[in-house]
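Asks: Return atomic coordinates for the entry below.
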Amino acid sequence: MEIDWIKIRNEYISSQISQRKLAEKYNISYSTLKDRSRREKWADSKKIVHCKIAAKTEQKTIEKSAEEMYFNEKFLKETLIETILKCKQAIPILDRFGNCTGEFKFDSAGVNNASRLMAQMLGLLIDKKDIKHEIKANHYTVEFLNTIPDDPDEKS
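Replies: Next comes the predicted model:
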């Protein structure tokens, strides 16, 4: 009976089975299998295959996370837009008898809150801390620049 080395090699490379267990499974001497494995560098091939599998798994995970994030972000944007539009609708003001007074109001707080959330989500708002750090940094830059003479030959 001829040994199917390609089948044995592929099983070793694509699984977690040890060489000793493979030798037992295919009724081959362990030293023969180990020598063949070393000659054909099965361990290197196994590392490459497992790295490729790990990379593909990671890529799929990233794609799934990005897809979920996109749908969550899309849903959130749509909800905020709907909220803004609903809050901007004119609501008639009624008198105590339920009659329209001819005046209208709208939910300005709702519009402001939804608009602020949308701006934050789009990255349009700057944190006050960042502004303070930037102003402080610019202040030091201005102080430093004021100490440099306009004319390089001029001495203080």
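Asks: how far out from the middle of the chain is stretch 92-110?
Replies: 45 Å (C-alpha atoms, centre = their mean, to the nearest Å).
Asks: same deal with stretch 82-101?
Replies: On C-alpha atoms, centre = their mean, the centre of stretch 82-101 falls 42 Å from the chain's centre.
Asks: And the contacts of it?
Replies: Outside stretch 82-101, the residues that touch it by C-beta atoms under 8 Å, 6 or more residues apart in numbering are 103-108, 110-111, 114-115, 118. Using the backbone N, CA and C atoms, a C-beta is placed for each residue, glycine as well.
Asks: ditto for stretch 73-81
Replies: Contacting residues not belonging to stretch 73-81 are listed as 114, 117-118, 121 [C-beta under 8 Å, 6+ apart].
Asks: Return the set of buried residues in that stretch.
Replies: By neighbour count on 16 or more other C-beta atoms under 10 Å, the buried set for stretch 73-81 is Leu80.
Asks: before we move on, what about stretch 90-109?
Replies: Asp107.
Asks: Quick one: end-to-end distance for that stretch.
Replies: End-to-end distance for stretch 90-109, by C-alpha to C-alpha, to the nearest Å: 14 Å.
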